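Colleague: I would like to see how this sequence folds:
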Amino acid sequence: MAVIPDKYKDERQLITGTLSDLEDSIEELENRIEYMTDELKGKKERLATWRNRLARLGQGEDAERHRRPKGENLRAVINCLQGVVNGLATSEIQRRTKLAWSSIQATLKRNPDRFVEQDGLWRLRKAGIVAAAPPKGMFAQILNNELDLDTLDSGESESAPEFDDEGNEIE
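Modeller: As a prediction, the model looks like this:
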């Protein structure tokens with residue numbers, strides 16, 4: 001039996017080699033695409049993080065903290081408490097007004113003629129009832145339960161002792 005020479009043998013080897021090379025190139029490109037997709041995703045996440053951080057800092061190079069106009073905190077707290085019967089906790093006032101907790105505390109404490117606290121809840125003081133600021137030194141007496149409420153009610157007055165910053169009586 002005679003072997004017939006394959007005239008297409010060389011061409012088949014060339015095509016097979018080319019197909020193998022193309023499959024290897026495609027696999028390499030797919031790996032690069034996967035790597036680049038992961039890298040792109042990471043960079044997008046970092047971009048979003050930095051944008052959020054910039055937004056928290058404010059706009060522009062010289063961004064300053066916003067200071068509210070005088071009386072705006074007071075108006076916000078009054079508006080928040082209007083119509084509230086049982087009162088609101090400081091945290092609820094903060095949630096509703098979006099003011100800083102310290103600003104709410106300062107507003108409530110500096111305006112005893114407008115706000116009253118009972119059992120940890122704040123509400124608007126009824127019209128016509130005015131609370132006067134306690135005389136100097138009385139706050140420390142109240143804290144130390146040294147204040148004679150009967151003396152205050154009778155109208156008699158003795159000079160209240162003075163206290164230093166630590167609450168110690170000054171003689």
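
Colleague: what's the first helix or strand after the helix or strand containing K44?
Modeller: If you go by DSSP states H and E, K44 is part of helix 9-57. Sequence order places helix 72-81 as the next helix or strand after helix 9-57, per DSSP H and E.

Colleague: gap between N79 and I33?
Modeller: 57 Å (Cβ to Cβ, to the nearest Å). Yep, even glycine has a C-beta here, placed from its N, CA and C like the rest.

Colleague: repeat for D24
Modeller: For D24, the distance to I33 - Cβ to Cβ - is 15 Å.

Colleague: same deal with E23?
Modeller: Counting by Cβ to Cβ, the gap from E23 to I33 is 16 Å.

Colleague: ok, now V84?
Modeller: From V84 across to I33, the span is 60 Å (Cβ to Cβ).

Colleague: neighbour count: those two, which is higher?
Modeller: V84 (15 against 10; other Cβ atoms under 10 Å).

Colleague: using the three-state scheme, assign the more buried one.
Modeller: Reduced to three states with DSSP: H, G, I helix; E, B strand; the rest coil, the structure at V84 is coil.

Colleague: residues contacting it?
Modeller: By Cβ atoms under 8 Å, 6 or more residues apart in numbering, V84 lies in contact with 123-124.

Colleague: can you do 6 Å?
Modeller: Residues near V84 by Cβ atoms under 6 Å, 6 or more residues apart in numbering: R123.

Colleague: what pLDDT does it get?
Modeller: Listed pLDDT for V84 reads 84.

Colleague: quick one: L54 and K44, what's the gap?
Modeller: 16 Å.

Colleague: equivalent analysis for A100, please.
Modeller: Relative to K44, and taking Cβ to Cβ, A100 is found at 33 Å.

Colleague: just to be sure, W122 is in a strand?
Modeller: Yes: when three-state DSSP is applied, W122 is found to be in a strand.

Colleague: many thanks, we can stop here.
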